[in-house]
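Q: here are the coordinates; sequence isn't available:
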């Protein structure tokens, strides 16, 4: 299996991590994360790392950089290549697991990017624009960026910065011509909308009970600026806004729950887009037994 890649993906709260762990145990695999926020140390509850779920299954690309850092697609593809080569080199099955569609599609498409430097002049010209305005600018460009994850002004500005760099340096953009990986099997964890919504609601409550607000407060107390945490979106955006007094607890919880539901819808839109772009995703029901799920994956390989 050394030249194969198995992808296990699906929307948030579909239970894909535990499924990937079950498959890894059965097929002598190691997990490579495809989650744009689980790369950060100290951001555990809000990103749903659930490290304990992995047991003795090795995992990669989790806790690889400090909170407050702006990890990007260029770095992810570089780090994915290293992790994939490492796992494959041992003769084990690499299992790419996560819900960040851009990371998954770019990795298996063979997309590799040049590093894009900061453009202070562009950033200053975009400062003060609303997220809606910035998203509109990004949509007007030939965007490689994942609009799924653009839910703060800082992220939108960075995405515009990347696209502007490619427009200004077309010779660099040549490196972005993809060379697709071979022997890739993509499995999607198929969960109906009502079940997904119930699981998102229950999970949010459990994360608050587990100390998610205290986690964000500790990150702020460690010296990470509020705007840097807001950059990460979803839990960190809403909880930070609550802690700094911009919204009440009830407003934070209600707004965050709506945002997570919207995020899940955007993820599904991305996966459907992948299918339109020629990727085959084998959808397996989220609520079947562990043995049946593993059996179905084995039959695909």
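A: Sure thing, it's come through. Predicted model only: the values in this text are computed from it and were never measured.

Q: quick one: the strands in the stretch 51-200 of the chain?
A: Per DSSP state E, counting those that start in this stretch, the stretch 51-200 of the chain carries strands over the ranges 59-60, 65-66, 93-97, 184-190.

Q: tell me what the last one is packed against?
A: Okay, so that is strand 184-190. Where contact means 3 or more Cβ pairs under 8 Å, 6 or more residues apart in numbering; DSSP states H and E, strand 184-190 is packed against strand 5-9, helix 101-108, strand 281-285, helix 290-300. The C-beta positions use only the backbone N, C-alpha and C, and glycine is treated the same way.

Q: Serialize those to a markdown table and add fields for distance to residue 242 and mean neighbour count.
A: Putting those into a markdown table (distance: least, Cβ to Cβ, whole Å; neighbours: other Cβ atoms under 10 Å) gives the following:
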| stretch | distance to residue 242 | mean neighbour count |
| --- | --- | --- |
| strand 5-9 | 30 | 25 |
| helix 101-108 | 28 | 23 |
| strand 281-285 | 36 | 15 |
| helix 290-300 | 37 | 14 |
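
Q: to residue 209, which of the ones you listed lies closest?
A: Of all the helices and strands packed on strand 184-190, it is helix 290-300 that lies closest to residue 209, at 26.1 Å by Cβ to Cβ.

Q: looking at the strands of the stretch 51-200 of the chain, which is nearest to residue 281?
A: By Cβ to Cβ (comparing all of the strands of the stretch 51-200 of the chain), the closest turns out to be strand 184-190, at 4.4 Å.

Q: mean confidence (pLDDT) on that closest one, please.
A: Average pLDDT, strand 184-190: 97.

Q: now swap in stretch 12-22 and tell me
A: 96.

Q: can you check stretch 45-63 too?
A: 94.

Q: residue contacts, the residue nearest to residue 267 when sequence neighbours are not counted?
A: Excluding its sequence neighbours, the residue lying closest to residue 267 (Cβ to Cβ, 6 or more residues apart in numbering) is residue 11, at 4.5 Å. Counting by Cβ atoms under 8 Å, 6 or more residues apart in numbering, residue 11 makes contact with 99, 191, 196, 264, 267, 268, 271.

Q: show me the two of those that sit farthest apart.
A: 196 and 271 (13.0 Å).

Q: low-confidence stretches in the stretch 151-300 of the chain?
A: Along the stretch 151-300 of the chain, the parts satisfying pLDDT under 70 run over 151, 170-178.

Q: I'd like to know how far residue 273 sits from residue 300.
A: 22 Å (Cβ to Cβ, to the nearest Å).

Q: ok, residue 226 next?
A: Plainly put, residue 226 is 45 Å away from residue 300 if you go by Cβ to Cβ.

Q: swap in residue 110?
A: Taking Cβ to Cβ, one finds residue 110 at 21 Å from residue 300.

Q: ok, now residue 231?
A: Noted for residue 231: a distance of 37 Å to residue 300, by Cβ to Cβ.

Q: try residue 96
A: 15 Å.

Q: and the helices and strands packed on strand 184-190: which comes nearest residue 219?
A: Evaluated with Cβ to Cβ, those place helix 101-108 nearest to residue 219, the distance being 22.8 Å.

Q: which stretches of the stretch 151-300 of the chain form helices?
A: 153-168, 170-173, 193-210, 212-221, 226-231, 234-243, 249-276, 290-300 (DSSP state H, counting those that start in this stretch).

Q: including distance to residue 133, could those go into TSV?
A: Putting the helices of the stretch 151-300 of the chain into TSV (distance: least, Cβ to Cβ, whole Å) gives the following:
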stretch	distance to residue 133
helix 153-168	9
helix 170-173	25
helix 193-210	29
helix 212-221	27
helix 226-231	17
helix 234-243	18
helix 249-276	19
helix 290-300	44
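
Q: most packed of these?
A: helix 234-243 (a mean of 23; mean count of other Cβ atoms under 10 Å).
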